[in-house]
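Participant: Here you go, sequence then predicted model.
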Amino acid sequence: MKQKSALRAALPHTIPVMLGYLFLGAAFGILLSSKGYHWGWAVLMSVFIYAGSMQFVAIGILTGPFLPLQAVLMTLMVNARHAFYGISMLTKLKDMGKKKPYMIFSLTDETFSLLCSAKVPEGVDKNRFLFFVSLLDQIYWVIGSAAGGIIGSLVSFNTKGIDFVMTALFTVIFVNQWEENKNHIPALIGLGTSALCLMAFGPSNFILPSMALIVLALTFLKKPMGEVENG
Amino acid sequence: MTLTTGQSLIMVFAIALTTVFTRALPFLLFPQNKETPKYIRYLGRVLPCAVIGMLIIYCLKNVSAPFGIPELISVAAVVLLHKWRHNTLLSIGGGTVLYMLLIQFVFI
């Protein structure tokens, strides 16, 4: 009974993420299947990787040369922000017990934002509520990916250009971050450094130098920007 | 598929393990809610914005003919749609459909 009520309480909180994940998951599934991967791969990735932006990047990795170390470094860079979500979740997930590993595994951007903001209704077990929020989110993502993969394999429409869904996703995140932050220097460093490295090193070799230069530039600019933020 | 099934599996699990590592890291490093080093907190603030900028360039890396005009138009459309309604689905869906129309029918 208690479990049911926590599930029922969690469901309405996850509706916005449901819409987003079904749509984006489907886009991911269609895109992956357009690269010749069976829809089972989309499900596999959504179950085990479960990271929205990273799965889109992973499609790029899967269609490029076999460079596992670069893939790991890329994942570290793209998902580094998740480490910082964790920092703000240390106390909230403290007493989750057996559910804690799953809570950590499933800490995507969207789930993080729900866990941060959702108020646990009265009379509902807090830990179960948080657990169902996380679980439902991943279920939406997996269903979306599977549906997209199946649609992509059954319907033969001209998918040329559907890769742009990834560019659009990152552009939207970029705009959101731009509006949330007063300091635009990091965003511009990311764009500028990568564009320069792309011109200097070419499309297949520019990611590692870009990452290194971004971290270097941000480290050197820490003091000057700190002064701007404090002043 | 450009990679073999085995290579793809290795990639998927390398990415999966690295992802869960980034999520678990703070719980491993700060078990007792220890103070997070300033430099790490700083990177946590600024890195996400820079990385997303990098990812946009990553997506556009293979732009060739004709001079990236369809990409430019579509990225601008995404920005404008998003500034206008702040509806993620509309911005992404609208931009993608526009891009597909542009490269399938206009800039062939």
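Facilitator: Good, I have the coordinates.

Participant: Could you give the residue of chain A that lies closest to chain B?
Facilitator: Here chain A gets closest to chain B at one residue, residue A:190, 2.6 Å apart by C-beta to the nearest C-beta. C-beta: built from backbone N, CA, C; applies to glycine.

Participant: Who are the packing partners of whichever strand or helix holds that residue?
Facilitator: For residue A:190, the element it lies in under DSSP states H and E is helix A:185-201. With contacts defined as 3 or more C-beta pairs under 8 Å, 6 or more residues apart in numbering or on different chains; DSSP states H and E, helix A:185-201 has these neighbours: helix A:164-180, helix A:207-220, helix B:38-59.

Participant: and for the next helix or strand after the longest one, what are the contacting residues?
Facilitator: Read it as helix B:38-59. Where DSSP H and E defines the elements, the next helix or strand beyond helix B:38-59 is helix B:69-85. The list of residues contacting helix B:69-85 from outside it, by C-beta atoms under 8 Å, 6 or more residues apart in numbering or on different chains, reads A:164, A:167-168, A:171-172, A:175-176, B:56, B:60, B:63, B:87-88, B:90-92, B:94-96, B:98-99, B:102-103, B:106-107.

Participant: again, but for stretch A:190-201
Facilitator: Against stretch A:190-201 from outside (C-beta under 8 Å, 6+ apart): A:206-207, A:209-210, A:213-214, A:217, B:49-54, B:56-58, B:61.

Participant: list the buried ones in that stretch?
Facilitator: Judged by neighbour count using 16 or more other C-beta atoms under 10 Å in any protein chain shown, the buried positions of stretch A:190-201 are A:190-195, A:197-198.

Participant: CA-only coordinates of it, as CSV, when you get a sec.
Facilitator: Extracted in CSV, the C-alpha atoms of stretch A:190-201 (Å, rounded to 0.1, in the frame of the first residue of the first chain):
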residue,chain,number,x,y,z
GLY,A,190,34.0,26.6,-24.9
LEU,A,191,32.8,27.8,-28.3
GLY,A,192,35.9,29.7,-29.2
THR,A,193,38.5,27.2,-28.1
SER,A,194,36.8,24.3,-29.8
ALA,A,195,36.3,26.3,-33.0
LEU,A,196,40.0,27.2,-33.1
CYS,A,197,41.0,23.6,-32.4
LEU,A,198,38.7,22.4,-35.1
MET,A,199,40.4,24.6,-37.6
ALA,A,200,43.9,23.7,-36.3
PHE,A,201,43.5,20.0,-35.9
